[in-house]
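K.L.:
Got a predicted structure here, sequence first:
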Amino acid sequence: MAKKSTPGASYLMWTGIALVILGAISVATPAVAGTAVVIVIGAVLLVSGIFQLVQGFREESWTSKLLGVILGGITALCGLAVLAHPLLGLTMLTLVLAVFFVVEGIWKIVASFSFRPAQGWLALLVSGILGLLLGWLIWKQWPLSGMWAVGILIGVDLLVTGCSMIALAVTIKRVKKDLAEAPSKSG
């Protein structure tokens with residue numbers, strides 16, 4: 001059986017600390033963080049569109065060529081539009097998030113009742129209600145919610161991920177220490 005390697009505790013610790021710092025900055029400046037996310041999305045769309053255009057021109061059949069060029073052109077133009085107007089892109093991304101949270105919340109609420117006899121169904125119900133409330137809150141304040149929603153959500157995710165990586169690093173260090181001390185204790 002192949003031996004699985006675990007990431008080094010120091011690597012996890014430093015990555016976790018960096019993510020916590022970035023998360024705190026994102027929560028403190030949500031409009032800046034949200035705009036940065038939108039700029040990255042715009043750049044990805046633009047680069048993806050260019051690659052699709054190039055691939056479309058390389059196709060042999062006219063149908064494939066036309067489809068690739070049209071799809072690549074639309075994708076590249078969307079990327080350019082987002083890069084040209086990041087605040088508008090942030091507003092649209094926020095609208096998509098609001099719809100996502102409402103739909104996800106409704107789905108979780110409905111699904112929770114199908115798991116009702118099982119333990120944990122109530123947690124799924126509460127998660128659905130919270131998702132529905134978050135979607136409603138973003139929708140109610142839209143388009144102004146674009147200035148805070150994406151940045152706050154990204155920041156909270158970075159904070160939680162960073163804290164979990166730090167906790168994992170501490171656990172790995174503790175386990176390694178316990179394993180190193182184990183032979184001396186048993187002897």
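P.N.:
Done, it's in.
K.L.:
going forward, measure contacts and count neighbours with C-alpha atoms only.
P.N.:
Fine.
K.L.:
Would you mark the buried spots in the helix or strand bottoming out on mean pLDDT in the chain?
P.N.:
In the chain, the helix or strand scored least confidently by mean pLDDT, DSSP states H and E is helix 149-186, which has a mean of 81. Neighbour-count burial for helix 149-186 flags 149-170, 172 (criterion: 16 or more other Cα atoms under 10 Å).
K.L.:
Check the offset of it from the chain's centre.
P.N.:
Here helix 149-186 is found 20 Å from its chain centre; the criterion is Cα atoms, centre = their mean, to the nearest Å.
K.L.:
list the helices and strands it packs on?
P.N.:
helix 9-28, helix 30-58, helix 86-114 (3 or more Cα pairs under 8 Å, 6 or more residues apart in numbering; DSSP states H and E).
K.L.:
packing partners for the helix or strand just after the second one?
P.N.:
Toward the C-terminal end, the helix or strand that comes next after helix 30-58 (DSSP states H and E) is helix 62-84. Identification of packing neighbours for helix 62-84 by 3+ Cα pairs under 8 Å, 6+ apart yields helix 30-58.
K.L.:
any idea of the angle the helix it packs on forms with helix 62-84?
P.N.:
Counting by axes from the mean of the first three to the mean of the last three Cα atoms, to 10 degrees, helix 30-58 points 160 degrees away from the direction of helix 62-84.
K.L.:
Leaving out chain neighbours, which residue sits closest to Cys163?
P.N.:
Gly16 (6.1 Å; Cα to Cα, 6 or more residues apart in numbering).
K.L.:
Against Gln52, how distant is the residue with the shortest distance to the centre of the chain?
P.N.:
Centroid-nearest residue in the chain: Ile154, 6.8 Å away (criterion: Cα atoms, centre = their mean). To Gln52, Ile154 is 29 Å away according to Cα to Cα, to the nearest Å.
K.L.:
do the same with Phe115
P.N.:
44 Å.
K.L.:
So which of the two has more stuff around it?
P.N.:
Gln52 (23 against 14; other Cα atoms under 10 Å).
K.L.:
I figured Ala98 hits Trp139, correct?
P.N.:
Yes: if you go by Cα atoms under 8 Å, Ala98 and Trp139 touch, sitting 5.6 Å apart.
K.L.:
And those two? Which one has more around it.
P.N.:
Ala98 (25 against 21).
K.L.:
Nearest residue to that one in space, please, no chain neighbours.
P.N.:
Gly135 (4.3 Å).
K.L.:
Show the contacting residues for the one you found.
P.N.:
Leu97, Ala98, Val99, Phe100, Phe101, Val102 (Cα atoms under 8 Å, 6 or more residues apart in numbering).
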